[in-house]
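Got a sequence here, can you model it:
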Amino acid sequence: MVAKSFQNLEQIGEPFADGSGKMYVNVRAKNGNLRRVRWYDVDEYCRMYPNEDPIAIKRANDPYYKPMKHALFGKENWLYVLEGDPAPYLEELAMNPYLRYGIAFGWYIRADAPDYIIEAAGEWFRLHKVNWEDVMVDEDHMKDNAKEIVDKICNGRAARQWH
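Residues are numbered from 1 along each chain as shown. Modelled structure (predicted):
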């Protein structure tokens, strides 16, 4: 990323290294001319601006970053937690890409899984719908008591056995 004074300028091309090993990028100055400015990695940037939140900066500059909410819940705002004994089905659970395991949830299915997966799991387990607001503080943080909340929803029988 560039220094704050250059952040509102249009970036032309991708960052590149010069002979010294430092990174630069071309920006279009306010007068229309191209200008080569220093491109900083996150650590360098945080040393320049110590009051900035390094985690937020990393997330803002990572094109692949997705919040925890997206990883757990997909595009929906809920998921299915499985209630029951997973022991007879552990191999099937582990092999199915739509079934996942989390410490707070045990085995669960994201809401965006195909219907046939949800129906098949419903034959083996009782499914409980858990809303993200019930277990998450915000998009990146679970509540400290998320596991207890899931246990209450599943009557203390969340499918938690892992191999």
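
Mind giving me the packing neighbours of the lowest-mean-pLDDT helix or strand in the chain?
The helix or strand with the lowest mean pLDDT-type score in the chain, counting by mean pLDDT, DSSP states H and E, is helix 54-60 (a mean of 76). Applying 3 or more CB pairs under 8 Å, 6 or more residues apart in numbering; DSSP states H and E, one finds that helix 54-60 contacts helix 42-48. Using the backbone N, CA and C atoms, a C-beta is placed for each residue, glycine as well.

by contact count, what packs against the helix it packs on?
helix 54-60.

Pull out the buried residues from the helix it packs on.
Ile57 (16 or more other CB atoms under 10 Å).

And this protein, what are its domain boundaries?
What automatic domain parsing lists as the domains of the chain is 4-60, 68-153.

Distance from the longest one to the middle of the chain?
Read it as domain 68-153. 15 Å (CA atoms, centre = their mean, to the nearest Å).

Do me a favour and get the end-to-end distance for it?
Domain 68-153 has an end-to-end distance of 21 Å (CA to CA, to the nearest Å).

what number of residues lie near Lys66?
As a burial measure, Lys66 scores 11 neighbours (other CB atoms under 10 Å).

Just give me the neighbour total for the closest residue to Asp134 other than its chain neighbours.
Nearest non-adjacent residue to Asp134, counting by CB to CB, 6 or more residues apart in numbering: Ile149, 5.7 Å away. Ile149 has 15 neighbours, counted by other CB under 10 Å.

SS state for Ile149?
Look at Ile149: counting by DSSP: H, G, I helix; E, B strand; the rest coil, its state is helix.
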